[in-house]
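Trainee: below are the sequence and a predicted model for it; my questions follow.
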Amino acid sequence: MDYTIKESIESLEEYDYVLDAVGKNKTSELKKACAKALATNGKYGSIDDGALLLQSDRLNRITELVELGTIKPINDRIYDFDQIVEAHKYVETGHKKGNVAIRVNKKT
C-alpha cells in the first residue's frame, strides 16, 4: 500500500499480518486503518515501534539471512561520504524506494 495515497485506506481488506516497513510517521490514518483491518489474532508490526534493538546476534542473523538469499535488501542509491548532504536531501524528498547508503571508504 502506498501510505501517501489516502485512497489506500478505502481499499483495505482483512489481513493476518501487516508490516509497516517505511516507518515514516509514528501515527497516521493509514496505520490506524491497518490495525482495524487485522483478522482475529492478526498482528501488526512497524519498524518504528520503538523496539529497534541493535544487538550483534540479531545483526548477525540478518546478515546470514541476506547471504542465504532469504531476504533481499533493496538499495535505492549509494552515495560517497562527501555526497552526504545530497543523500539527505534525496531522502527528505520522500520518494526513495529502498535504503539509501553512505559509502565511507571507497574500494580501490
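Mentor: Done, it's in. This is a predicted model, so every value here is computed, not measured.
Trainee: how about the helices in this structure?
Mentor: 29-36, 56-68, 84-92 (DSSP state H).
Trainee: tell me which of those helices sits most buried.
Mentor: helix 29-36 (a mean of 15; mean count of other CB atoms under 10 Å). For every residue, glycine as well, the C-beta is placed using N, CA and C.
Trainee: who does it touch, helix- and strand-wise?
Mentor: strand 15-20, strand 38-46 (3 or more CB pairs under 8 Å, 6 or more residues apart in numbering; DSSP states H and E).
Trainee: I'd like the mean pLDDT over that helix, please.
Mentor: For helix 29-36, the mean pLDDT works out to 78.
Trainee: tabulate the CA atom coordinates of stretch 94-108 in PDB.
Mentor: Only the C-alpha atoms of stretch 94-108 are listed here, as PDB (Å, rounded to 0.1, in the frame of the first residue of the first chain):
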ATOM      1  CA  GLY A  94      10.100  11.200   0.500                       C
ATOM      2  CA  HIS A  95      10.500   9.400  -2.800                       C
ATOM      3  CA  LYS A  96      13.200   6.800  -2.100                       C
ATOM      4  CA  LYS A  97      12.300   3.200  -3.000                       C
ATOM      5  CA  GLY A  98      14.500   1.300  -0.500                       C
ATOM      6  CA  ASN A  99      17.600   2.100   1.500                       C
ATOM      7  CA  VAL A 100      20.000   5.000   0.900                       C
ATOM      8  CA  ALA A 101      23.500   4.100   2.000                       C
ATOM      9  CA  ILE A 102      26.600   6.100   2.500                       C
ATOM     10  CA  ARG A 103      29.900   4.600   1.300                       C
ATOM     11  CA  VAL A 104      32.500   5.500   4.000                       C
ATOM     12  CA  ASN A 105      35.600   4.000   2.300                       C
ATOM     13  CA  LYS A 106      35.900   3.600  -1.400                       C
ATOM     14  CA  LYS A 107      37.400   0.300  -2.600                       C
ATOM     15  CA  THR A 108      40.200   0.900  -5.000                       C
END
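Trainee: no further queries at this time; thank you.
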